[in-house]
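[1] starting from these lines, generate the structure:
(chains A and B)
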Amino acid sequence: MSFTKKRTIELKGALRESALESAPSFPDFAQVYRKAEQRPQRVRRLALSMSVVAVTAIASFLVGIYWYDRSSSDTALIDSWSSISSSAPTALSIDTLGEQQDRVVVASTQNTTVNLFVQDLWESSSGISW
Amino acid sequence: MIDDTLLVRTMRVAKKEPDSLTPVVDDPFDLELAVEASGGDKGAFERLMWRWWDRIRGYCAAFVAFDAELAEEAAQESLIRIYKALPKWRRESSLGAYLYGICRTASADVMRRAARHHAHNVQVETFDSFPLESHHSTGEGNVLNEEANRMLAVAMQKLDPEDRAMLYLHEVEDKGLAELGEMYGLPLGTVKSRLFRARDKLGTLLREMGYELH
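    Alright, predicted model coming up:
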């Protein structure tokens, strides 16, 4: 016995007793095998989802770069026109329609400034290849 | 004076020193089973684990300060990790050190997870359910024994998990300083001083509760 009437604790016996009383009596091997097999699947699933996220991020980045390059020439035209013109349109957007690179759509709340812009665009782009 | 007391206590902790400095030798049958288990033999794995079960569950229970729920979780987690890790064992350390090392990380992870989820509740429950002073002076031996074990569990909770597990291995499993040093990657002197400090702190805590450590 690890305890006597003198209220002393025999360390070795008391430690062993406490440990074995609180610990499980039998190992559950079925659970061991089941969990050991589940873990690689979980790791694989995690790796797959991380790959999907990475590919999506890279694709978004590349599309973003392409889109930025594609619209930058139009933006440059608007910027250059805006800086030299005294009456810039209040709202303006330019878009190319699909593969028809020679068509430009201009939208504005003021028709007069749109007309001026189109005129300037025509004059300034006469030396630029679209 | 203080130095003399320290020396005497240190010598008491290191009483097994001559044996403890001998190299660690694995049981040949355990080695045989480990080799078979590492090749995927589930029967060999189970036989090996049955031979080690008391040591594994005892160590895990000591690491988690005899919390039954955590001890079960730690022991089960240890088995899973041993099953997966045995094929990777390259005999760089003894089988015992390898298995205890796995139990150690598994128990530490279980404790960390539990602390994250139930830190506050566990602390409150612990101090509510275990009185620090004993109020029973008479009664049956087993009642007193249970109470003494509860006091020991409370005191053990105050120790660092690594220290109480090391103390358990030294006191109960008779692990020598060399083997503990190999398992924990520590020099002998450090192992000795950690054991001494753990035992000393445990003794002080138990004295405050009215018990004498023997």
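
[2] need the contact list for A:Leu15.
    B:Ala62, B:Leu152, B:Leu167, B:Tyr168, B:Glu171, B:Val172 (Cβ atoms under 8 Å, 6 or more residues apart in numbering or on different chains). No exception for glycine: its C-beta is placed from N, CA and C like everyone else's.

[3] would you mind confirming that the third one is in contact with B:Leu202?
    Spelled out, it's B:Leu167. Yes - using Cβ atoms under 8 Å, B:Leu167 is in contact with B:Leu202, at 7.2 Å.

[4] intersection of neighbour lists for the two?
    Going by Cβ under 8 Å, 6+ apart, residues that sit against B:Leu167 and also against B:Leu202 are B:Leu159.

[5] give me the more crowded residue out of the two.
    B:Leu167 (25 against 22; other Cβ atoms under 10 Å in any protein chain shown).

[6] got the confidence number for that one?
    Looking at B:Leu167, its pLDDT reads 93.

[7] what helix or strand is it located in?
    Here B:Leu167, judged by DSSP states H and E, is contained in helix B:161-171.

[8] got it, and B:Arg55?
    Here B:Arg55 is assigned to helix B:42-63, by DSSP H and E.

[9] average pLDDT across that helix?
    94.

[10] ok, stretch B:31-39 next?
    91.

[11] check the offset of whichever helix or strand comes after the helix holding B:Leu167 from the chain's centre.
    Counting by DSSP H and E, the next helix or strand C-terminal to helix B:161-171 is helix B:177-184. The chain centre lies 13 Å from the centre of helix B:177-184; the measure is Cα atoms, centre = their mean, to the nearest Å.

[12] buried set for helix B:177-184?
    B:Leu177, B:Ala178, B:Glu179, B:Leu180, B:Gly181, B:Glu182, B:Met183, B:Tyr184 (16 or more other Cβ atoms under 10 Å in any protein chain shown).

[13] cool, stretch A:13-29 as well?
    Buried residues in stretch A:13-29, defined by neighbour count with 16+ other Cβ under 10 Å: A:Gly13, A:Ala14, A:Leu15, A:Arg16, A:Glu17, A:Ser18, A:Ala19, A:Leu20, A:Ser22, A:Ala23, A:Pro24, A:Pro27.

[14] cool, stretch B:159-177 as well?
    Quick answer for stretch B:159-177 (16+ other Cβ under 10 Å): B:159, B:161, B:163-173, B:175-177.

[15] straight-line length of that stretch, end to end?
    End-to-end distance for stretch B:159-177: 19 Å, by Cα to Cα, to the nearest Å.

[16] also stretch A:17-27?
    18 Å.

[17] leaving out the residues flanking it, which one is nearest to the residue in chain B that chain A sits nearest to?
    Chain B approaches chain A most closely through B:Arg57 (3.5 Å), counting by Cβ to the nearest Cβ. Nearest residue to B:Arg57 in three dimensions, chain neighbours excluded: A:Ala23, at 3.5 Å (Cβ to Cβ, 6 or more residues apart in numbering or on different chains).

[18] ok, the closest residue to chain B within chain A - contacts?
    Nearest residue of chain A to chain B, counting by Cβ to the nearest Cβ: A:Ala23, 3.5 Å away. By Cβ under 8 Å, 6+ apart, the contact list for A:Ala23 reads B:Arg57, B:Gly58, B:Cys60, B:Ala61, B:Ala68, B:Ala71, B:Glu72, B:Ala75.

[19] pLDDT value on B:His118, please?
    pLDDT, B:His118: 68.

[20] any stretches of chain A with poor pLDDT?
    Residues of chain A that meet the criterion pLDDT under 70 lie in A:1-6, A:70-114, A:124-130.

[21] all strands of it, in order?
    A:8-9, A:93-97, A:100-107 (DSSP state E).

[22] out of the buried residues of stretch B:159-177, which comes closest to A:Ala36?
    Distances from A:Ala36 to the buried residues of stretch B:159-177, taken as Cβ to Cβ, are shortest for B:Ala165 (24.1 Å).

[23] still on that earlier bit, what about the residue nearest to B:Arg57, distance to B:Glu72?
    7 Å (Cβ to Cβ, to the nearest Å).

[24] quick one: distance of stretch B:205-214 to the chain centre.
    Taking mean C-alpha positions (Cα atoms, centre = their mean), stretch B:205-214 and its chain are 20 Å apart.

[25] please read the previous query as pertaining to stretch B:164-184.
    8 Å.
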